[in-house]
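Engineer: below is the sequence, then the predicted model.
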Amino acid sequence: MLPNQMVKSLMGKVIRVEMKGEEHELVGRLEGVDDYMNLYLTNAMEYKKDEKIRNLGEIVLRGNNVVLIQPEE
């Protein structure tokens, strides 16, 4: 399975995203992804070491800054 297809299989699910050069992680519901792996998240929240920092709401993450995407349990 191609990476883009794997990410698309997570559509509608809550995911955790780690970004380049950031200590914080983002958690939100994956609503969209394009061919460049740009991610559209809703109900996004920012965490630092499992401590909630702030609510972000709807956000778009640029694909080339994404390091890790994993489903949130």
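Structural biologist: In hand now; what should we look at? These numbers come from a predicted model, not from an experiment.

Engineer: please count neighbours and contacts with C-alpha atoms only from this point.
Structural biologist: OK.

Engineer: run through the bridge partners of the residue lying closest to residue 30 once chain neighbours are set aside.
Structural biologist: In space, and not counting its chain neighbours, residue 30 is closest to residue 41: 4.7 Å by C-alpha to C-alpha, 6 or more residues apart in numbering. Listed by DSSP bridges, the beta-bridge partners for residue 41 are residue 30, residue 59.

Engineer: again, but for residue 52
Structural biologist: Applying DSSP bridges, one finds that residue 52 bridges with residue 47.

Engineer: I'd like to know how far it sits from residue 26.
Structural biologist: Counting by C-alpha to C-alpha, to the nearest Å, the separation of residue 52 from residue 26 is 10 Å.

Engineer: what's the answer for residue 69, then?
Structural biologist: Residue 69 sits 10 Å away from residue 26, taking C-alpha to C-alpha as the criterion.

Engineer: with residue 9 instead?
Structural biologist: From residue 9 across to residue 26, the span is 19 Å (C-alpha to C-alpha).

Engineer: quick check: neighbours shared by residue 52 and residue 26?
Structural biologist: With contacts taken as C-alpha atoms under 8 Å, 6 or more residues apart in numbering, residue 52 and residue 26 have 45-46 as neighbours in common.
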